[in-house]
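> following is a predicted model, sequence given first.
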Amino acid sequence: MKILAIDTATNVMSAAVLSEKKLISEDIIDYKLKHSKTLMPTLDSILKSVELSYFDFDYFAAVNGPGSFTGLRIGLSTIKALAQVTNKPVIPVSTLESLAYNISFSNGIICPILDARREQVYTALFESSNNGTIKRLTEDSALYLSELRDRLKGIDKPIFLLGDGVDKYAEDLESFKNLIIVPAYLRTCKASSAGACALSHLDNAKTYKTIEPSYLRPSYAEEKN
């Protein structure tokens with residue numbers, strides 16, 4: 001079984017080819033380039049390097065949010081078009097749960113935070129064990145830092161913090177003595193983690209017609225109207 005996974009939810013664009021046995025190929029770009037210009041060339045390059053076509057996959061997986069509204073639209077429209085042409089199912093993956101899979105063997109509480117602007121973060125809590133199992137504890141949500149601090153109170157296990165909100169908000173959470181800042185190379189979104197997450201949610205596969213982004217809240221422009 002082979003999965004083609006993409007993640008365009010943040011400034012990092014990544015794509016990966018993997019199976020249930022191994023990661024076959026992955027490309028990650030974290031530079032000042034637009035996803036609309038880099039995604040398809042990256043996908044074509046990866047497939048060429050591993051001698052596969054889009055028809056060779058059993059599933060497509062795509063991160064569907066939360067995250068950048070523009071980035072999510074680019075990624076989902078691309079994967080939906082590929083799924084329509086190839087008649088393949090698509091597995092939607094939470095950005096936050098995908099991040100948790102970066103450190104699935106951490107044996108503690110995983111707290112991904114993405115900068116949602118307006119003094120908020122997109123976040124959720126997961127529990128990992130030393131056998132690599134990820135258990136969701138809370139739903140994805142947009143919280144103010146005060147709300148996140150309240151959520152973390154009383155947790156006596158190690159709390160692993162990762163995501164693009166770390167650089168901006170970690171100091172606001174440093175009072176938690178059990179807080180562990182995940183190293184930068186494991187902190188960002190990775191399509192291989194999205195693919196690993198998708199492998200645990202095969203029963204959530206959908207047709208391209210039913211895949212929708214999970215924004216969690218309206219855009220700033222929509223809120224003003």
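Happy to help now that I have it. Residues are numbered from 1 along each chain as shown.
> packing partners of the biggest helix by length in the chain?
Longest helix of the chain, by residue count under DSSP state H: helix 69-86. Judged by 3 or more Cβ pairs under 8 Å, 6 or more residues apart in numbering; DSSP states H and E, the packing partners of helix 69-86 are strand 2-7, helix 35-49, strand 59-65, strand 90-94. The way it works is simple: take the backbone N, C-alpha and C, and place the C-beta from them, glycine included.
> so can I have a markdown table of the ones you listed showing distance to Ile159 and mean neighbour count?
As requested, the helices and strands packed on helix 69-86 are exported to a markdown table (distance: least, Cβ to Cβ, whole Å; neighbours: other Cβ atoms under 10 Å):
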| stretch | distance to Ile159 | mean neighbour count |
| --- | --- | --- |
| strand 2-7 | 24 | 27 |
| helix 35-49 | 31 | 16 |
| strand 59-65 | 23 | 26 |
| strand 90-94 | 19 | 25 |
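> angle of the longest helix of the chain against strand 59-65?
160 degrees (axes from the mean of the first three to the mean of the last three Cα atoms, to 10 degrees).
> tell me the angle helix 69-86 makes with strand 2-7.
Interaxial angle of helix 69-86 relative to strand 2-7 (the same axes, to 10 degrees): 160 degrees.
> which one of the helices and strands packed on helix 69-86 lies nearest to Gly71?
helix 35-49 (5.5 Å; Cβ to Cβ).
> how much space between the spatially most central residue of the chain and Arg118?
The residue lying closest to the centre of the chain (Cα atoms, centre = their mean) is Thr95, at 2.7 Å. Going from Thr95 to Arg118 by Cβ to Cβ, to the nearest Å gives 18 Å.
> before we move on, back to that, list the contacts of the residue nearest to the centre of the chain.
7, 9-10, 63-67, 112, 114, 122, 140, 189 (Cβ atoms under 8 Å, 6 or more residues apart in numbering).
> what kind of secondary structure is the nearest residue to it once chain neighbours are set aside in?
Nearest residue to Thr95 in three dimensions, chain neighbours excluded: Ala9, at 4.3 Å (Cβ to Cβ, 6 or more residues apart in numbering). Taking DSSP: H, G, I helix; E, B strand; the rest coil as the rule, one finds Ala9 in the coil state.
> so for Ala9, what's the pLDDT?
If you check Ala9, the pLDDT there is 97.
> just checking, it touches Ser68?
Yes. Applying Cβ atoms under 8 Å, one finds Ala9 in contact with Ser68, separated by 6.2 Å.
> higher neighbour count, the two?
Ala9 (34 against 20; other Cβ atoms under 10 Å).
> who's in contact with the more buried one?
Ala9 makes contact with Val63, Gly65, Pro66, Gly67, Ser68, Gly71, Leu72, Gly75, Thr95, Leu114, Cys189, according to Cβ under 8 Å, 6+ apart.
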